[in-house]
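>>> can't give you the sequence, but here's the structure:
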């Protein structure tokens, strides 16, 4: 059997060929945005509520967009005319197709109904990033959130659109809800993705919490007088605040689950050699610890401070 996708012809002669084709198509879809239409005029919290309404309706055997949105608006005492903005927004984000809620929308609704908001936002992010405008805004922001309004405006104009203030606002609100760097860092409830976006806050809190280690090693400059300058992935220069004098180095390992002492020491030891003896006044090794269970880990850190003469002190620090 031959299957034509775009201009390419695939030969499918076995189950293995079919599985390979499906894997290739899935990879291609995940790598690219597929929704070019842009129409976002619904706040993200309302999208989550509508998804929950859709999930509950699905359990009763109904998944059509019109009736679900109508009941949702009626329940809140809102005008049914708002469906004219809700329906195209759902479609633009891949949450509905052909007048029926998508599987992703129902999954988002299930997670909200079960009180798993963080996971629901992650699922909403996955859906929203299939929209080319949303993906372009997120890619323009990179690993930060500064300049969000400007990024939204630039991307929309790049698509030849003249954005209305409410459209730009709701697009920015959506990105703010689904893009981890735009959410405040709460290290008392994190997953791996949110922990990665809060790396700077984690390092600052870990170093600040290690003041007793500085005192134990007779390091004259205490953490409250220090600032960080990112120099690479998981690497920071430590400078004296207000002078920018470089006196130390901080390195962050990949997070581990649980606080097994032997494993912590092994991971910390793998960071040795980042600085030679006497190269800095000190260097700091930080191993993030995910304590508890997903999707809501508590973040801690194993922190080891190493003085210029390689004298060292360490302990586990709570970051909440």
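Thanks, I have the structure now. Being a predicted model, the structure only gives us computed values, none of them experimental.

>>> Just the local confidence number for residue 2, please.
Looking at residue 2, its pLDDT stands at 64.

>>> Count the residues that sit near residue 144.
Residue 144 has 12 neighbours, counted by other Cβ atoms under 10 Å. For glycine as for every other residue, the C-beta is placed from the backbone atoms N, C-alpha and C.

>>> can you give me phi and psi for the closest residue in space to it that isn't next to it in sequence?
Among residues not flanking residue 144 along the chain, residue 181 sits closest, at 5.3 Å (Cβ to Cβ, 6 or more residues apart in numbering). Phi and psi for residue 181, reported as degrees, to the nearest 10, are phi -60, psi -20.

>>> mind listing what residue 181 touches?
When contacts are counted by Cβ atoms under 8 Å, 6 or more residues apart in numbering, residue 181 touches 141, 143-145, 197.

>>> How is residue 292 assigned, secondary-structure-wise?
Secondary structure state of residue 292, per DSSP: H, G, I helix; E, B strand; the rest coil, is strand.

>>> before we move on, back to that, kindly state the pLDDT recorded for the residue nearest to residue 144?
The model reports residue 181 with a pLDDT of 81.

>>> What residues sit buried inside the helix or strand hosting residue 250?
Residue 250 belongs to strand 245-252 when assigned by DSSP states H and E. With burial defined by 16 or more other Cβ atoms under 10 Å, the residues of strand 245-252 counted as buried are 247-252.

>>> Would you agree residue 147 is in contact with residue 154?
No. Contact criterion Cβ atoms under 8 Å: residue 147 and residue 154 do not qualify, at 9.1 Å.

>>> what is in contact with those two at once?
Common neighbours of residue 147 and residue 154 (Cβ under 8 Å, 6+ apart) do not exist.

>>> follow-up on the earlier one: JSON lines please, covering the buried residues of strand 245-252 and showing pLDDT.
JSON lines is the format used below for the buried residues of strand 245-252 (pLDDT from 0 to 100):
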{"residue": "247", "pLDDT": "93"}
{"residue": "248", "pLDDT": "91"}
{"residue": "249", "pLDDT": "91"}
{"residue": "250", "pLDDT": "93"}
{"residue": "251", "pLDDT": "91"}
{"residue": "252", "pLDDT": "91"}
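
>>> List just the nearest of the residues you listed to residue 136.
Nearest to residue 136 among the buried residues of strand 245-252 is residue 252, at 29.5 Å by Cβ to Cβ.

>>> Need the nearest residue in space to that closest one, chain neighbours excluded.
Leaving aside its chain neighbours, residue 252 sits nearest to residue 234 (4.3 Å; criterion: Cβ to Cβ, 6+ apart).

>>> The one you found touches residue 199, doesn't it?
Yes. Applying Cβ under 8 Å, one finds residue 234 in contact with residue 199, separated by 7.3 Å.

>>> Looking at these two, which has the bigger crowd around it?
Using other Cβ under 10 Å as the criterion, residue 234 and residue 199 rank with residue 199 on top: 19 against 16.

>>> what are the bridge partners for the residue nearest to that one when sequence neighbours are not counted, then?
Nearest non-adjacent residue to residue 199, counting by Cβ to Cβ, 6+ apart: residue 252, 6.4 Å away. Following DSSP bridges, residue 252 is listed with bridge partners residue 286.

>>> How about the contacts made by residue 111?
So residue 111 contacts 117, 119-120, 123 (Cβ under 8 Å, 6+ apart).

>>> no no, residue 71
Contacts of residue 71 by Cβ under 8 Å, 6+ apart are 53, 57.

>>> again, but for the one 3 residues further on
With contact set as Cβ under 8 Å, 6+ apart, residue 74 has these partners: residue 80.

>>> and it, that one's in a helix?
Yes. When three-state DSSP is applied, residue 74 is found to be in a helix.

>>> Next, find the distance separating it from residue 67.
Distance of residue 74 to residue 67, given as Cβ to Cβ, to the nearest Å: 10 Å.

>>> Same question for residue 281.
As judged by Cβ to Cβ, residue 281 and residue 67 stand 68 Å apart.

>>> so what are the domain limits for this structure?
2-27, 44-182, 192-318 (automatic domain parsing).

>>> wait, is residue 313 part of a helix?
No. Secondary structure of residue 313 (three-state DSSP): strand, not part of a helix.

>>> tell me the contacts of it?
Residue 313 sits in contact with 213, 216-217, 304-305, where contact means Cβ under 8 Å, 6+ apart.

>>> check contacts around residue 224.
The contact partners of residue 224, taken as Cβ under 8 Å, 6+ apart, are 208, 211.

>>> Can you give me the distance of it to residue 241?
Per Cβ to Cβ, residue 224 is found 8 Å from residue 241.

>>> And the strands in this structure?
Remark: strands assigned in the chain by DSSP state E are 2-5, 8-11, 96-97, 100-101, 226-232, 235-240, 245-252, 256-257, 282-293, 296-307, 312-318.
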